[in-house]
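Chemist: what follows is a protein structure lacking sequence information:
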RNA sequence: GCGGAUGGCCGGACGGCCGCGAAGGCGACUUCGAGGAAAGUCCGGACUCCAGGGAGAAAUGGCGGCGGGUAACGCCCGCCCGGGGCAACCCGAGGGAAAGCGCCACAGAAAUCAGACCGCCCGCGGCUCCGGUCGCGGGCAAGGGUGAAACGGUGGGGUAAGAGCCCACCGCGCUGCCGGCAACGGGAGCGGCACGGCAAGCCCCGCCAGGAGCAAGGCCAAAUAGGGAUCGCGCGGGGCUCCGGCCCCAGGGCCUCUCCCGCCCGAGCGGUCCGGGUUGGCUGCUCGAGCCUGCCGGCGACGGCAGGCCCAGACGAAUGGCCGUCGGCGCCCUGCAAAGGGCGUCACAGAAUCCGGCUUACAGGCCAUCCGCGCGC
């Protein structure tokens, strides 16, 4: 998954966050809550890889046992694959955070709509800064 | 048919579109990709590193009927004993209480080499309505009552009343006999009853066990200094010499202790602490006490042989997302019924070095064997 993203959208390939420091940096930047999940977004600074969209997923113990956490992560991954290549911005890191119950139960189309709205909101916050 | 006991199995199926991980291929692409518990991390191992090897001891922890299976086990199988059930079958930390210490509450007269409350019997005396009753002395422990448990139980003889006082059976102890590999079982003789429970209290006996864990460990690349503090022991002797050293002996060090062996140091060695570093990649990493089928041995756990098969290896962590058809279950509707339709629902749970077990969780369903009762033949 780290390797090739065979789904290049207008903003370039999507790759995955793997380092703890990158997650912490995203958490300090912009965020937007939604019923099915919460979104954190951060434009990468100078000195970091400038190309492509990167995304990470977080489901804490609060989401449930291992089965529930895996399911929530997989649905978020499917949503990200659907939306990010078109709506995400190159040079940004995004982190999707799962919620107990809702992430697994909410309708898939609604989750996609949530992500589009959350992306617009985060990008607007960055522009206003 | 109803009720029950035991053992085992499955735990959704098929397809479409878009994806993920691994292996192979120049490529198009092909193949493979979660569980019975992957879980809890409770036991047992393999593997790796650390401690120099062996023997013994101590400490600590674990195990505990007997025999067998296994790499091993606290697991499994068979059997024995005790308890429960009409039965199939189930349950049992099931060694030692005449090595010692300790504890047995409450109740009760008395709780361990105990005791006489009510009571039973005899004698004497008083009273008497002649049935008894009271007092004193003596004998006794059958009956009542307490308790988890009362110097063994039941029955008979015996006696003033009683008592293993005597007898039979049972129990207990001792001795030898027979059956069994053994746990143990059977019957015989003797004793005349004396030796209560708790060892998931200490303890004793037998057996087992070094420590840490795949974030083990190894390689590469960066990075770092070949540091500092402190403590213990010791800073001796002899020989050879080409003057660089070499050899021998004291002495010191190396598993908690002792002994033996071995190794190292021999003017340093060893212990502890501080400082520095603790990231990235590769490897370990999946062919194994492996799985399937058949035959043979065994009551069985299991073992042997032959043939076939390759069956996840991720690391912010793949095995998915969205649909369709079918199926199971529940409810409702139509219908005499067969059947049809609608809605809802489909558990517990996700590999992380790998095996063998145990334990716990689990919607729904299936199979086999056995027992009891009822009915039919």
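Modeler: Now that the structure is in, tell me what you want to look at. Computed from a prediction, not measured in an experiment: that's the story for all the values here. Numbering: from 1, shown residues only, chains lettered A, B, ... in the order given.

Chemist: residues of the lowest-mean-pLDDT helix or strand in chain A that come out buried?
Modeler: Every helix and strand of chain A was ranked by mean pLDDT, DSSP states H and E. The lowest is strand A:14-16, at a mean of 75. For strand A:14-16, the buried set under the neighbour-count rule, 16 or more other C-beta atoms under 10 Å, comprises A:14-15. Yep, even glycine has a C-beta here, placed from its N, CA and C like the rest.

Chemist: cool, and stretch A:53-60?
Modeler: In terms of neighbour count (16+ other C-beta under 10 Å), stretch A:53-60 has its buried residues at A:53-59.

Chemist: among the residues you listed, which are within reach of RNA strand B?
Modeler: A:56-58 (C-beta under 7 Å from any atom of the strand).

Chemist: residue A:27: which of those is nearest?
Modeler: The shortest approach to residue A:27 among those belongs to residue A:58, at 9.0 Å (C-beta to C-beta).

Chemist: give me the distance between the closest one and residue A:86.
Modeler: The span separating residue A:58 from residue A:86 equals 23 Å under the rule C-beta to C-beta, to the nearest Å.
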